[in-house]
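# let's see this in three dimensions:
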Amino acid sequence: MPNASKPCPLCAKPASKDHAPFCSRGCKDRDLLQWLGEGYRLPGPPADPGLDSDEGAR
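Sure thing, here's the model as predicted:
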């Protein structure tokens, strides 16, 4: 059975075994920067600005 690897989720080039699921270190780092910079967001209800996130966990 041939190895049907998925393409890089950022640039669609063939994925590299060393950087899976990305094609290179550059795409892997760009993805990490998106997460750290809050570039990836999920839709949801607006947060209550008066509620501290630490208070809600108690």
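# and residue 12, how far from residue 29?
Taking CB to CB, to the nearest Å as the measure, residue 12 falls 17 Å from residue 29. To be clear about C-beta, it is placed using only N, CA and C from the backbone, and glycine gets the same treatment.
# what comes up buried for stretch 14-24?
Within stretch 14-24, the residues that qualify as buried by neighbour count (16 or more other CB atoms under 10 Å) are 15-16, 22-24.
# let me know the closest of those residues to residue 38.
Sorting these by distance to residue 38 puts residue 22 at the head of the list, at 20.0 Å, by CB to CB.
# report the contact partners of that closest one.
Residue 22 makes contact with 8-10, 15-16, 28, 31, according to CB atoms under 8 Å, 6 or more residues apart in numbering.
# other residues contacting the lengthiest helix in the chain?
Using DSSP state H to define each element, the chain has its longest helix at helix 25-36. Outside helix 25-36, the residues within contact range by CB under 8 Å, 6+ apart are 8-11, 19, 22, 39-40.
# perfect, I'm done here.
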